[in-house]
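**Student:** Predicted model and sequence below, questions to follow.
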Amino acid sequence: MEQQVNGNANVQQDIDYVKIVKIVLSRWYWVASSVIIALIIAYIYLWYTPETYSTSASLKFEEKRSEISELLNVRNVYDRTNKMQSEQFVIRSREVLLNAVSSIDYHISFYLKGRVRTSDIYPQKPLQISIIEQDSTSFSRALFEYEPIDSKSFKLTYQENGRDISKNYSNQQIISVPGIKFKITNNTFSDNNSIYCFKFNSRSSFLARIANGLNMSETKGTNILSLSQTDGNPYFATDVLNAILRSYVSYDREQKTISATQTIKFIDTLQQNMSKVVKTSGSELERFKVTNKVLDISTAGQDVMKKLTDLETEKNTLHLQGIFINQLEKEIVNNKNLNAINYNLQGITDPMLAGLLTQYNTLLLQREEALVQFKASSDKVQQIDKQILDIKSAFVSNANSQRQKNQKTVAFLDQQIGSIKQTFNTIPKAERDLINLQSSFEINQKVYSYLSEKKLEAQISKAAITAGATIVDFALYNTNAIAPIHKKTYTSAFIIGLIAGVGLIFLVRMLNPFIYDKETIESLSTIPIIGVIRKYQDAIDEDNRQILSIKNPKSLFAESVRSVRTNLSFLASDKASKIVCITSEISGEGKSFTTVNLASTLSLIDKKVIVIAADLRRSKLQHTFKVSNLKGLSSYLSNQAELSEIMFSTEVENLTFIPAGPVPPNPSELLYSDKMKNLLEDLTKSYDFVIVDSAPVGLVSDAIPLIRMADVNLFVIRSGVSRYQAASVPERLSKEFNLSNIAIILNAFDNDILHSRYYTTNYTGSYYANYYYYSDYSNTGYGSGYYTDEPNKKWWEFWKRK
């Protein structure tokens, strides 16, 4: 990334990926702590979270047609094509699930109480509990905690009406709680002091548990439905899923045989009545023959009887059809639940009615499929409902037409029967009576045989019906938990901890408002940096009573001050004597500290240096040089003292000091005076460097006249103390007062790169000439003890100060 600054220099900033890695590694213990905390949380989570198990099975939907079905051309009304989604709702239905629960031992659930959680131990039954009496609907659903006292007694703890109840019982003692009486016949005193719990259930107690764990999915491109059951107990999940499979297959077959069963029951009712009629007519015929001693009917009588029997049989058949049509019409009209009606109408009614019934059942199937995707109030379902009403109306209309047709046929048959009976006058009375009895008997027998034939057809049809789905695979016991998976949980915790640790590092960086390194200054300002003064690692007294660059001349700190001294010689190089003004934005940034150590370093190379404490409001330099502050610069500028009275020699050779003096009421006016200007001009004649420690420019304006008088202005920025806006102050001063002699010193720089910039800034153009050589000593042998006498700390001593 490159940009132009002030039209004179191009600033190029490049991301330093190595530095990003170093930033993260500088706080590796944050990352390690985050990872450890995340792993501890994962351990606690695994400890408290019950394991979940899953088992699976599969169903295949198909339309089976047995050989007998093909022979009799029995067709199932239900078309299973594209019905897998509908069947999923059937499998989840309350009736199917309740029937599944009924096939397992659901009455009592047992649990093992642990230190953290209570676990379901199905199918184990550590306690032998006999239920003596139980209300089928209202009974206690409380969790009973069983704790053996000795081999003959135990304690039960449970809740009743919100109150904790604890009682002691003996083995075989009848225990009475609301809605149930039971007794415990064994004792678990020898089972390692295990505490068991149990509770009583109804079938519906498991519905929510089963429904929440039941999942189904279609195998794409096939008619296979995969089912899975998830539960905290692998054995319960397997048994329940297998029970659901059997329950659904049984339910499906029962639903498909309902119509055939209805037909059989209806014919049974008619057949029972007809059986009585056949027996009665047969008895009357035998009794007549015995009484009148008539054995045979004449040839003419047999012809009459045959014609009469055929006509009466046809008439009775039409009567049966009428009964069947009335029953069918009644069921269709009153079918509130929209259940399919599957009577076998072949040979019984008009084909038109059979076709309408088929259409009616087809529409019911379409409505069921539509309800899978749409609500009952939707346009699609409402349209199907309208079609169903139309079919009902058409059926009723056709049924009326069929009845009228049958009535006309019956009337015609009655006329023929009447004409035949007129020929009876030529036949003797005894034979005529015999013909009537014989004809009635044969008619009833034929009707009975007709009903038997239709019943047999319905029974064959029922036997030919098979379930629309077959079980491909039963569920098997799977004791491998699917959640929580320990390895996955710990891996996720490690990754989360790692991300959290790195994120914490960059969050702290993002929220940081302070300047820490030279790259930050370079990114915020174009003013050159004259040097980086390293942080003094030992404790510093409040008044800076020791000149540290002299006290520890081999320290990195002293070397960094000497680097600033070297670069200072390049500023205002045309001047034999230089006025150096040192300032900062606010107090506490090391302005006076830098002044003292830079001045003392200059004096070591035989330069005559004088330090002026020009911060007339709160200077502390007098403590460093151990001189009195009763008279000082303020006294001289206010004509209260002579120059010789305020100049003090120090313990450092070639170094003279002028204290600030008493705090005046008008410090700005004194510093703006000509006397101050003349003082500086006079001092330059006697000293190589006149170093002025001025007041902070961000708080008061006292330093402005000194900055304008100085040959070199040094602006101090303290690492970790100065905020971002401090870097813009020297540039603002440079523009406002047209200064070209200002430079920045980064003070108290530490080797901690946590807040360092992860990109480097390079300048090209006219500003290139204003750059100075300096080192932060972070990547040289000087930092490893080769030159310095400072002790090195080990990597595990990251919390210690150097």
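**Tutor:** That came through fine.
**Student:** Tally up the residues packed near Gly114, please.
**Tutor:** Counted with other Cβ atoms under 10 Å, the neighbours of Gly114 add up to 10. Any C-beta I mention is one placed from the backbone N, CA and C, and that applies to glycine too.
**Student:** measure it to Asp164 for me?
**Tutor:** 20 Å (Cβ to Cβ, to the nearest Å).
**Student:** next one: Gln407
**Tutor:** From Gln407 to Asp164 the distance is 78 Å (Cβ to Cβ).
**Student:** and the two? which has more neighbours close in?
**Tutor:** Taking other Cβ under 10 Å, Gln407 and Asp164 do not tie; Gln407 has more neighbours (12 against 8).
**Student:** OK, contacts around Phe198?
**Tutor:** Neighbouring residues of Phe198 by Cβ atoms under 8 Å, 6 or more residues apart in numbering: Ile108, Ser109, Phe110, Tyr111, Leu127, Ile129, Leu143, Phe144, Tyr146.
**Student:** 6 Å - rerun?
**Tutor:** Contacts for Phe198 (Cβ atoms under 6 Å, 6 or more residues apart in numbering) come out as Ile108, Phe110, Phe144.
**Student:** thought Ser34 was touching Ile499?
**Tutor:** No - in this structure Ser34 lies outside contact range of Ile499 using Cβ atoms under 6 Å: 8.4 Å.
**Student:** Pick out whichever of the two has more residues nearby.
**Tutor:** Taking neighbours as other Cβ under 10 Å, Ser34 and Ile499 compare with Ser34 leading, 21 against 14.
**Student:** And the more buried one, how far from Leu511?
**Tutor:** 17 Å.
**Student:** can you check Thr185 too?
**Tutor:** Thr185 is 69 Å from Leu511, by Cβ to Cβ.
**Student:** The two: who's more crowded?
**Tutor:** More neighbours surround Thr185 than the other of Thr185 and Leu511, with 10 against 7 (other Cβ under 10 Å).
**Student:** Skipping adjacent residues, who's closest to the more buried one in space?
**Tutor:** Distances taken as Cβ to Cβ, 6 or more residues apart in numbering put Gln128 closest to Thr185, at 4.5 Å, once the chain neighbours are dropped.
**Student:** Can you list phi and psi of that neighbour for me?
**Tutor:** Per-residue torsions, Gln128: phi -90, psi 100 (degrees, to the nearest 10).
**Student:** Which parts of the stretch 51-200 of the chain are helices?
**Tutor:** Taking DSSP state H, counting those that start in this stretch as the test, the helices found in the stretch 51-200 of the chain are 67-72, 84-91, 94-102.
**Student:** and Glu312, which of these is closest to it?
**Tutor:** helix 67-72 (30.0 Å; Cβ to Cβ).
**Student:** Any stretches of the stretch 301-450 of the chain with poor pLDDT?
**Tutor:** For the stretch 301-450 of the chain, applying pLDDT under 70 flags the ranges 301-305, 335-350, 365, 368-369, 372-373, 420-436, 439.
**Student:** meant to ask about the stretch 1-150 of the chain
**Tutor:** Using pLDDT under 70, the stretch 1-150 of the chain drops low at 1-13, 63-83.
**Student:** pLDDT (mean, whole number) over whichever strand or helix holds Tyr235?
**Tutor:** Using DSSP states H and E, Tyr235 maps to helix 234-292. Mean pLDDT, computed over helix 234-292, is 80.
**Student:** for Val472, helix, strand, or coil?
**Tutor:** Judged by DSSP: H, G, I helix; E, B strand; the rest coil, the three-state class of Val472 is strand.
**Student:** Tell me, how many residues neighbour the closest residue in space to it that isn't next to it in sequence?
**Tutor:** Once flanking residues are discounted, Val472 sits nearest to Ser58: 4.3 Å by Cβ to Cβ, 6+ apart. Neighbourhood size, Ser58 [other Cβ under 10 Å]: 18.
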